[in-house]
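Peer 1: With the sequence up front, the predicted model follows.
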Amino acid sequence: MTTIRKITALAALLGAASLCYGQHPKLARDLEDRDPEALVNVIIQYRQSPQQSHIDAVLRKGGRHLTTLSVVNGAVYSVAAKELADLANDPDVKYISPDRSVNAASTQSSALTPDYKLQAVNADIAQQNGFNGAGIGVAIIDSGITNKPDLDSNNSNQWSGGGFRVVHAENLINGGSTDDTYGHGTHVAGIVGGNGSQSWGVYAGVAPNVSLVNLLVLDSNGAGTDSRVIAAIQRAIQLQSQYNIQVINLSLGRPIFESYTVDPLCQAVEAAWKAGIVVVVAAGNDGRNNSANTDGYSTITAPGNDPYVITVGAMKTENTATRSDDLIASYSSKGPTLLDHVVKPDLVAPGNLIVSVLGDGTLPVLYPQNITDKAYFILSGTSMAAPMVSGSAALLLQQNPNLTPDQVKARLMKTAYKNFPVSSVATDPVTGISYTSYYDIFTIGAGYLDVWAALNSSATLNGSAVSPVASYNPSTGQVSISSLGGQSVIWGTNSNWATSVIWGTTVVSGDSVIWGTSVIWGTSAPSSLSVIWGTSVIWGTAVASGETSTAVIYGEQ
């Protein structure tokens with residue numbers, strides 16, 4: 001999901017904790033190995049909106065108040081690590097976590113290829129029938145967006161009246177320029193809403209007349225922090241009515257360190273969802289990661305592990321306009337999620353060797369061979385798959401502005417294309433190592449995005465579309481799915497929304513039992529299952545092999 005340097009950094013972040021604070025229940029585990037005298041930036045979540053008394057308590061410890069994140073009832077502070085346990089003892093404090101690094105969820109690929117992303121999900125048919133996302137605001141929380149012709153209006157819409165369709169832009173890092181200095185955010189924006197004007201429409205995005213809101217949180221290396229992303233989500237909620245923001249795209253992520261119920265990044269995306277905004281998140285690019293002996297399972301990144309959001313994995317179009325031969329990208333992260341065992345991803349969409357708008361910044365300089373037709377750039381990863389779904393959500397909301405986020409999610413999942421092979425094999429072009437992927441619920445979710453089918457669906461629902469949880473019965477060797485925390489969810493409540501309808505009959509059988517453990521887990525089921533359903537594993541603690549890094553550089557053919 002990142003460059004080799006960033007993978008190394010993530011490995012360092014995931015080092016074993018020394019538990020010098022005695023595993024305080026309100027302290028994130030990755031805070032427990034800090035030098036007691038060192039200053040650390042932390043997010044403190046409170047049981048209510050932070051008050052001046054809460055801020056004063058940190059100031060008395062010699063800390064600094066950096067910013068308030070009301071969307072998660074939290075605030076960001078710089079404070080000595082030795083003070084954290086005492087601060088956590090405050091009954092008003094819900095949880096303390098580091099202000100963690102997040103990174104863009106794309107890989108870089110050097111191969112040039114035709115682009116069939118629209119045909120793969122029938123978005124070309126949707127556009128031919130007048131669906132272009134006009135009037136819908138999509139917030140791109142990324143590395144910025146550079147003004148390019150593909151992001152101008154095809155015609156007047158209610159926000160821009162022509163011209164550049166970025167109707168609002170903010171730099172959440174330092175308040176400076178909102179131009180893309182990495183080359184990632186512009187590419188993502190082009191997939192959501194590029195009009196293809198520099199390619200006679202060939203490289204258009206899914207919703208070529210959406211209004212774009214540019215919230216810059218990633219720097220010129222594609223790196224950011226939890227607090228910046230949370231601040232951007234908070235800003236999108238504040239701007240929701242002004243720019244009709246109905247979708248947030250998050251083509252970024254980081255490893256999971258605790259349950260989504262206390263992770264501030266997850267709590268922020270839930271706040272946006274509950275405010276009526278569809279949140280689409282990249283699944284991550286660690287499907288080849290076997291460092292925890294899981295065969296790439298349980299590698300979904302945060303906040304894609306949150307059960308509310310739409311989490312998206314990456315498919316390969318196989319350089320053809322038909323989707324029947326499309327295959328999963330072996331690097332696409334797989335579920336169930338670490339610790340909570342939420343069934344993820346929810347959908348898969350084209351994400352490999354995707355052509356979109358060329359931005360400025362680091363990536364085009366490092367990988368000039370990826371520039372094609374002078375105005376476009378090729379990137380791979382779940383970063384590219386997520387905006388395919390964000391654009392599709394915009395089309396659904398253009399058709400029916402009254403759809404709730406849960407209804408959008410459910411309709412996209414129900415109508416997803418579900419015809420897949422049992423397995424497929426991809427060989428890394430550099431190392432020669434082969435990777436076998438199985439088309440189970442934790443790899444392809446409810447299936448392959450089909451926006452035209454979703455637009456033609458009249459399925460209605462009342463209730464929540466939170467993703468279910470998976471559980472493993474060691475005595476029977478079966479894995480089953482059930483509703484999350486006893487919530488009244490739509491899956492399985494009636495024939496229209498039964499689990500077999502949503503995930504396909506080849507995936508679930510009987511009383512929501514996931515069919516065929518040998519298919520799901522491949523040849524090493526016992527070891528994978530015991531690790532995934534363990535309570536202490538943190539994947540990636542020993543990211544070592546060059547297998548992941550080659551996928552990062554070369555994508556997948």
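Peer 2: Great, that's in hand.
Peer 1: In the strand or helix carrying L397, which residues are buried?
Peer 2: Assessed by DSSP states H and E, L397 sits inside helix 382-399. Buried residues in helix 382-399, counted by 16 or more other Cβ atoms under 10 Å: 382-398. Quick note: C-beta positions are derived from backbone N, CA and C, even for glycine.
Peer 1: Report the distance from the next helix or strand after that helix to the chain centre.
Peer 2: Going down the chain from helix 382-399, the next helix or strand is helix 405-414, by DSSP H and E. Mean-position distance between helix 405-414 and its chain equals 16 Å (Cα atoms, centre = their mean, to the nearest Å).
Peer 1: Helix 405-414 vs helix 382-399, what angle?
Peer 2: Following axes from the mean of the first three to the mean of the last three Cα atoms, to 10 degrees, one obtains 110 degrees for the angle between helix 405-414 and helix 382-399.
Peer 1: For helix 405-414, give me every contacting residue.
Peer 2: With Cβ atoms under 8 Å, 6 or more residues apart in numbering as the test, helix 405-414 has contacts from 273, 276-279, 308, 310, 346-347, 389, 392-393, 396-397, 403, 445-447, 449, 451, 454, 457, 459-461, 463-466, 490, 496-497, 501-502.
Peer 1: Now, these that are in strands?
Peer 2: Members of the contacts of helix 405-414 lying in strands (criterion: DSSP state E): V278, V279, I310, L347.
Peer 1: mind putting those residues in CSV, neighbour count included?
Peer 2: Formatted as CSV, the ones in strands among the contacts of helix 405-414 follow (neighbours: other Cβ atoms under 10 Å):
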residue, neighbour count
V278, 30
V279, 30
I310, 29
L347, 29
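Peer 1: Return the member of these nearest to Q557.
Peer 2: L347 (23.2 Å; Cβ to Cβ).
Peer 1: residues contacting the closest one?
Peer 2: By Cβ under 8 Å, 6+ apart, the neighbours of L347 are 310-313, 389, 412-413, 416, 445-449.
Peer 1: Filter those down to the buried ones.
Peer 2: Buried by 16+ other Cβ under 10 Å: 310-313, 389, 412-413, 416, 445-449, out of the contacts of L347.
Peer 1: Which of these sits closest to I433?
Peer 2: Comparing the buried ones among the contacts of L347 against I433 with Cβ to Cβ places G313 closest, at 20.4 Å.
Peer 1: which stretch of helix or strand covers that closest one?
Peer 2: strand 310-316.
Peer 1: who does that strand touch, helix- and strand-wise?
Peer 2: In this structure, strand 310-316 makes packing contacts with strand 278-282, strand 327-328, strand 347-350, helix 382-399, helix 405-414, judged by 3 or more Cβ pairs under 8 Å, 6 or more residues apart in numbering; DSSP states H and E.
Peer 1: Quickly run through the sheet partners of that strand, with directions.
Peer 2: Partners of strand 310-316 in the sheet, by DSSP bridges, are strand 278-282 (parallel), strand 327-328 (antiparallel), strand 347-350 (parallel).
Peer 1: Could you say which one of those comes nearest to I136?
Peer 2: I136 lies closest to strand 278-282 among those, at 10.0 Å (Cβ to Cβ).
Peer 1: Any regions of the stretch 301-450 of the chain where pLDDT drops low?
Peer 2: Residue ranges of the stretch 301-450 of the chain with pLDDT under 70: none are present.
Peer 1: ok, now with 80
Peer 2: Within the stretch 301-450 of the chain, the ranges that satisfy pLDDT under 80 run 428-431.
Peer 1: worst-scoring helix or strand of this structure, pLDDT-wise?
Peer 2: Lowest mean confidence among the helices and strands of the chain (mean pLDDT, DSSP states H and E): helix 4-13, at a mean of 28.
Peer 1: Quick check: what element follows that helix along the chain?
Peer 2: Using DSSP H and E, the helix or strand that directly follows helix 4-13 along the chain is strand 39-46.
Peer 1: So which elements touch the following helix or strand past that next one?
Peer 2: On the C-terminal side of strand 39-46, the closest following helix or strand by DSSP H and E is helix 52-59. In terms of contacts (3+ Cβ pairs under 8 Å, 6+ apart), helix 52-59 is packed against strand 39-46, strand 64-69, strand 74-80.
Peer 1: could you say what helices and strands the second one packs with?
Peer 2: Meaning strand 64-69. Against strand 64-69 (3+ Cβ pairs under 8 Å, 6+ apart) you get helix 52-59, strand 74-80, helix 226-238.
Peer 1: number of nearby residues for W273?
Peer 2: 23 (other Cβ atoms under 10 Å).
Peer 1: returning to that earlier point: compare the helices and strands packed on helix 52-59 and give me the one nearest V269.
Peer 2: Among the helices and strands packed on helix 52-59, strand 64-69 sits nearest to V269 (Cβ to Cβ), with 12.8 Å.
Peer 1: quick one: buried residues of that closest one?
Peer 2: For strand 64-69, by 16+ other Cβ under 10 Å, it's H65, T68, L69.
Peer 1: so how far is S53 from whatever residue is furthest in space from the centre of the chain?
Peer 2: No residue in the chain has its C-alpha farther from the mean C-alpha position than R60, which lies at 38.0 Å (Cα atoms, centre = their mean). Distance of R60 to S53, computed by Cβ to Cβ, to the nearest Å: 11 Å.
Peer 1: same deal with V451?
Peer 2: For V451 relative to S53 (Cβ to Cβ), the value is 50 Å.
Peer 1: ditto for N473
Peer 2: 48 Å.
Peer 1: can you check P98 too?
Peer 2: P98 sits 23 Å away from S53, going by Cβ to Cβ.
Peer 1: quick one on the thing from earlier: out of the ones in strands among the contacts of helix 405-414, which two sit at the greatest distance?
Peer 2: Maximum pairwise distance among the ones in strands among the contacts of helix 405-414 (Cβ to Cβ): 13.3 Å, between V279 and L347.
Peer 1: Quickly list what's touching both of the two.
Peer 2: Counting by Cβ under 8 Å, 6+ apart, the contacts common to V279 and L347 are I310.
Peer 1: for the chain, what are the low-confidence residue spans?
Peer 2: For the chain, the ranges with pLDDT under 80 are 1-23, 33, 104-114, 153-163, 292-293, 428-431, 461, 472-480, 482-501, 503-557.
Peer 1: The same query, at a cut-off of 70, please.
Peer 2: Within the chain, the stretches with pLDDT under 70 are 1-22, 106-114, 154-162, 477, 485-495, 505-531, 533-555.
Peer 1: show me where the stretch 51-200 of the chain has helices.
Peer 2: In the stretch 51-200 of the chain, the helices defined using DSSP state H, counting those that start in this stretch lie at 52-59, 84-88, 117-120, 123-128, 185-193.
Peer 1: now for the longest one, which elements pack on it?
Peer 2: So that's helix 185-193. When contacts are defined as 3+ Cβ pairs under 8 Å, 6+ apart, helix 185-193 packs onto strand 137-142, strand 211-216, strand 354-357, helix 382-399.
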